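Chemist: For reference, the sequence and a predicted model appear below.
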Amino acid sequence: MPNQPSTDPTELKIFPRNLTARADYIVRGNPTNTRPESGVDNCFPGLEFDQRNLDKAFFPGFIFEFHRDDGAIIHRLAPSAPAVDSGLTEGDLNPPLYLWALNGRTMKDQTGGNIPIFFFDRLEGLEVWRRVHDLRHERVAILIGPTSGLFVQIPSDSIKKLNDLYKSTNVNSYVERDSQGKLQWAVFAGERAPYLDPETGVIDPSVYGPGELTRSLCVPWQYDFRDCGCFYWASNKPDIVISGDGLHEQLNFQRLDRTSDPPPSDLPTYLERRPLEISYTALLSGAWNTTLPSVLNDRESECFVPPPAPDVPRLMTRGEVIEELKYLSTVEHALLVEYLYAHYSLNAPPALPAIGVSDQTRRIFAAADEVFRIAVDEMRHLRWVNEALNLLGEGPVTDRAEIIGRVPEVRRPFQLNPLTPEQLQWFVDIERPSQAINEGIDGMYVRLHVSIDRQPALFPERKRLIHLIKLIIDEGGDHFRRFQTIQKHLSDLPPEQYLRPLGEAPADSLLLKSLLSLSDQNYAVVLGYLLTSFLLGDRAGGINIEDSRRAMFNVHDTNHHLASRGVGAKFNLPTPRAPLPRAAAITPEIAGSLVDNLQSSVEEALASVEDVGGEDERQLVTRQRRNYEGLFRQMRRRALKYK
Amino acid sequence: MCAQLHPTYMAELRLFRSSKGPHLFVTDGSRIYDIDDCAERRIAELINNPPQDSGDIPKDRDLWDAIGVFCDSAMPRYIDKESLSPPPLRSISLNVAQACNMGCGYCYADTGKFGGSARIMNEETARIAVDRLIAESSPKSDIVVGFMGGEPLLNRRVVHQTTRYAARVGREAGRRVRFSITTNATTLQPEDAELFAQFPYTVTISIDGKREQHDEVRRMNDGSSSYSRLLQGLDIIARHGRPRHLSARVTVTPRTGDLLPILDHALSLGFDEVGFAAALVSADPSLAFSADDFQVFLERMVVCGRKALQELSAGRKYPFGNFETALEQIHRGSHRPYPCGAGAAYLSANAEGKLYACHRLIDDPKFEMGSVRLGSNFEKRAEHLSRSHVDLIEPCRSCWARYLCGGGCYHEVSRRGRLGCDYIRGWLEFCLYAYAELSSFRPNYFNEPRYVWEKVSNPTTISN
């Protein structure tokens, strides 16, 4: 082979230039964005690297300090500093000497009169540093004096001297003292000091001692609570909190006074605030652990007591868990439908017009909207239960429970009721969080949760199962609270004002009959969609939100249309034209024909509405057709995955 | 074992030089590397004496191994021989007027009639086409509705109503809809300019040069000057509303002459972008390019390209469309086995609502792909895409430029064959050089937001 690896290390260099080339090859080592110049503009507060530290030794023999509001000072003088030869002493640094001005190039093409002089009067340290940082690695001249840049009037003869020295080739210092020998100002010139090793390009360890580069960085992982000036860390650290009793908001989490009532207010500036906070030393020596309370949901709490573990008399077997999940799937389905029906019974439009809405309509709408959202959640629960069944190797269940609830207080047959106060109370009760087993829906899941969690040997899929069940339990608690909110929305309205009568369609109304039949077909599509997605299990890539939205949109569209005409949707379960397939037996052909059947039935129903309806119905049909076309195409695409 | 596709590295590698030194263009993934003289020498050896035992497309590993660079990546190829399955649609163009008020000698569309009779699209068909686009596109993607012809503004009412309809149903369906129109601007009215400014429109106007040059080929049906009316149209745009993007398209014929003066002239009229296209399929055969004309065309394009490179390097704007688009594609490493989105995410509807692969292939039964009423024909689109994969086409499959070029315009190839391959390679070679220069001397150019990004990132934006 002519092409053996080259032994000359300077040969065969390959650098990616365009984006695909750069993305193609993973280069070992630190990426370019770890270089100092590409940091997160690193000096305030210095998230990964504080560049002010890097430039503090920019002038030979001096160590500057830029971390001050009143300018930059000389912090230290190296014994070997050239300035020492000009008579500068440690004694001159107390009180400190400030950097007043400097002369030097920041760009190569600056020549003659274009070479800038930077004046630092009235600039804080950060601003001074920004100018210093831009200097080229060549001759610079600096002017220093004993007054803070905030107040100084820079003498004109000192500027002239600065300029002279910068241009001079052999003079490097000038110190002006008064008759008592007190330093008035001084000018020094020299090469800007390098801080990188010329060979390796890394920061020269002989220039900086340990800790010198990192000293001013944030320590968010330690005790940096209220001090974080940019609020960067506040998202996962308490800084401003609510008192334990919930009465006082906007409290400083680090406040020293933890007994006064009311507690002291937080103060806006650091200097005002700092003396009223627990000191860093105290925090470091353990106050954060002994004095500062836990904070949950922004609220201080003196103690956190986990709820007692539920008492489960007997753990369920794997078979019982599966049976229970199958039952719960039918319950979720039943609740979904009951909530939807309750939603349609409320006297509110499907969407709130932008103007001209009375307060009462607004409240009824808010209640109706909340019920609808809960119904949408139930659809998600139905999916999660079926995912759980899939994990356990079982086929999907989309049947609807005929009896809901296990204990007598909430147990009753499935029924379509308007959202009367009694019905609403039943919804609250069935969703009530419970640590007791077998009350309400929540209780049924709690028992499953405990049974699966405590028997890892029986449930190798435990990790994913627990996750799904936990999601349902958590959302159940949320539903309980949301139904209570709905009770509040409606509490001072008489039911006849917020309910609309939902009756039967008159026998002679062809239009209403065709809409009812469309409603049933819309419902059948939703069930068909869910079934085909569940059958796919993992291969479905989850339920496509857009597709389920399309399916639900049409159900909603028809049923609102009916409800506005005083007729309630029936939610008749579809009578399958062919027996529903089992997961193992499904093929692209079976799935495809399922979609065909759904499509032809729903198209029949749409066509009959179109035949007997007016302009409103024609628009409804156009909308729904457009929606269905996209949905069925997606379903057909998915059908191909059943291989 | 895979079939033998590329027996040599010739089709996979291209060496070129800029003032920065030697570079390597790797066809798969359109990757560009800076290399040193030693690597250049070894790759040249490899291209001239490829290893005999390797029959299949070489993998990266083979390449880097062969030139002696250690590499542990065994990535699969960016482009394999699988043809694209028809993706969801992203754009449909509507040939709203298959008729024109001009009679340009080189018109590929037979002034919009495509060999048939003059007719216009009715409003219902246009609406159905929009519904079709929404139904057949991914719910997550933006969509583009284009208006073509003929001269689309001869059917002004449908352009206006369809724009508003599409914007409305798009909004209801939660989709962003953008629009494009290609017009001669001779009948442009204030309300058109207002429409183009109100909705996100890309407006492309045809202009062939200064007055005499333009009027020589682009005549009104009554023989009067179309240039004067074009200027009036531009004036209306300036006064009544400027679209988000206003571009000029120059059709080049063998008689056109130098291109740089035309480019500068069109830019002086205030276009956001000016691009050239060679007339290959022309009603008047004397106006169509022959293989020989391409050599001159290449030289003249490169003159424009050099000017653009010089201007862009100096930090000035110079929106020479062919050049900026090519540079962006090269920078991004654009690589695709098809020349454009035709028949894939892009379809074009004729006046009756029949769908075709693109607006140039209207009424061509070989490229018919369903209808707006019954839906696009998935099988025909799939068949078209499997037939057109550039790795299956001779002589494309042994050309290094194939994933940048994609195999050439379907319309031109079907009518004239591939006459312009040397021109395309020559132009791309110049653009590769220009990319290496510009990315060295003004790297920030590629970080600046420009319209061209959007165009490049969306292969179905309708051009010409």
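Modeler: Right, received. Where do you want to start?
Chemist: alpha carbons only for contacts and neighbour counts from here, please
Modeler: Fine.
Chemist: What count of nearby residues applies to the closest residue to residue A:55 other than its chain neighbours?
Modeler: Spatial nearest neighbour of residue A:55, chain neighbours left out: residue A:133 (6.4 Å); criterion: Cα to Cα, 6 or more residues apart in numbering or on different chains. The burial count assigned to residue A:133 is 16, neighbours taken as other Cα atoms under 10 Å in any protein chain shown.
Chemist: On the pLDDT front, check residue A:133 for me.
Modeler: With respect to pLDDT, residue A:133 has a value of 88.
Chemist: any idea how far it is from residue A:162?
Modeler: 19 Å (Cα to Cα, to the nearest Å).
Chemist: Next, the buried residues of the helix ranked longest in chain A.
Modeler: What stands out as the longest helix in chain A, according to DSSP state H, is helix A:359-391. Across helix A:359-391, burial judged by 16 or more other Cα atoms under 10 Å in any protein chain shown covers A:361-391.
Chemist: what does stretch A:95-112 give?
Modeler: By neighbour count on 16+ other Cα under 10 Å, the buried set for stretch A:95-112 is A:96-106.
Chemist: residues in contact with residue 333?
Modeler: In the absence of a named chain, this looks at chain A. Residues touching residue A:333, when contacts are defined by Cα atoms under 8 Å, 6 or more residues apart in numbering or on different chains, comprise A:378-379, A:382, A:398-401.
Chemist: wait, I meant chain B there
Modeler: Going by Cα under 8 Å, 6+ apart, the list of residues near residue B:333 reads A:18-21, B:29-32.
Chemist: Distance from the chain centre to whichever helix or strand comes after the longest helix of chain A, please.
Modeler: Moving toward the C-terminus from helix A:359-391, the next helix or strand (DSSP states H and E) is strand A:403-404. Here the centre of strand A:403-404 is set off from its chain's centre by 38 Å, with Cα atoms, centre = their mean, to the nearest Å.
Chemist: Could you do stretch A:209-217 as well?
Modeler: Using Cα atoms, centre = their mean, the mean C-alpha position of stretch A:209-217 is found 32 Å from that of the whole chain.
Chemist: Please point out which parts of that stretch sit buried.
Modeler: Buried residues in stretch A:209-217, counting neighbours by 16+ other Cα under 10 Å, are found at A:213, A:216-217.
Chemist: Residue 147: what secondary structure?
Modeler: No chain specified, so I'll use chain A. Residue A:147 carries the three-state label coil when classified by DSSP: H, G, I helix; E, B strand; the rest coil.
Chemist: could you do chain B instead?
Modeler: Three-state assignment for residue B:147 (three-state DSSP): strand.
Chemist: Tell me who's in contact with it.
Modeler: When the contact criterion is Cα under 8 Å, 6+ apart, the partners of residue B:147 are B:93-96, B:159, B:179-182.
Chemist: What of residue A:237?
Modeler: If you count contacts by Cα under 8 Å, 6+ apart, then residue A:237 has residue A:225 around it.
Chemist: picking up where we left off before, could you dump the contacts of residue A:333 to a markdown table with pLDDT?
Modeler: Putting these into a markdown table (pLDDT from 0 to 100) gives the following:
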| residue | pLDDT |
| --- | --- |
| A:378 | 88 |
| A:379 | 86 |
| A:382 | 89 |
| A:398 | 86 |
| A:399 | 89 |
| A:400 | 92 |
| A:401 | 91 |
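Chemist: mind putting the residues you listed in JSON lines, distance to chain B included?
Modeler: Below are the contacts of residue A:333 laid out as JSON lines (distance: Cα to the nearest Cα, whole Å):
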{"residue": "A:378", "distance to chain B": "24"}
{"residue": "A:379", "distance to chain B": "21"}
{"residue": "A:382", "distance to chain B": "24"}
{"residue": "A:398", "distance to chain B": "26"}
{"residue": "A:399", "distance to chain B": "30"}
{"residue": "A:400", "distance to chain B": "31"}
{"residue": "A:401", "distance to chain B": "34"}
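Chemist: Between those residues, which sits nearest residue B:415?
Modeler: The shortest approach to residue B:415 among these belongs to residue A:379, at 55.5 Å (Cα to Cα).
Chemist: pretty sure the closest one contacts residue A:336?
Modeler: Yes: under the criterion of Cα atoms under 8 Å, residue A:379 is in contact with residue A:336, at a separation of 6.4 Å.
Chemist: so how far is residue B:448 from residue A:255?
Modeler: Noted for residue A:255: a distance of 48 Å to residue B:448, by Cα to Cα.
Chemist: what about these two, which has more around it?
Modeler: Comparing residue A:255 with residue B:448 by neighbour count (other Cα under 10 Å), the higher total belongs to residue A:255, at 20 against 9.
Chemist: give me the number of residues near the nearest residue to that one once chain neighbours are set aside?
Modeler: Spatial nearest neighbour of residue A:255, excluding adjacent residues (Cα to Cα, 6+ apart): residue A:277 at 4.4 Å. The burial metric for residue A:277, expressed as a neighbour count using other Cα under 10 Å, is 16.
Chemist: Residue B:309 contacts residue B:432, doesn't it?
Modeler: No: between residue B:309 and residue B:432 no contact is recorded; they are 11.7 Å apart, counting by Cα under 8 Å.
Chemist: and the residue in the stretch 301-450 of chain A positioned nearest to chain B, what is it in contact with?
Modeler: Proximity to chain B, evaluated over the stretch 301-450 of chain A using Cα to the nearest Cα, is greatest for residue A:351 at 13.1 Å. Residues counted as contacts of residue A:351 (Cα under 8 Å, 6+ apart): none.
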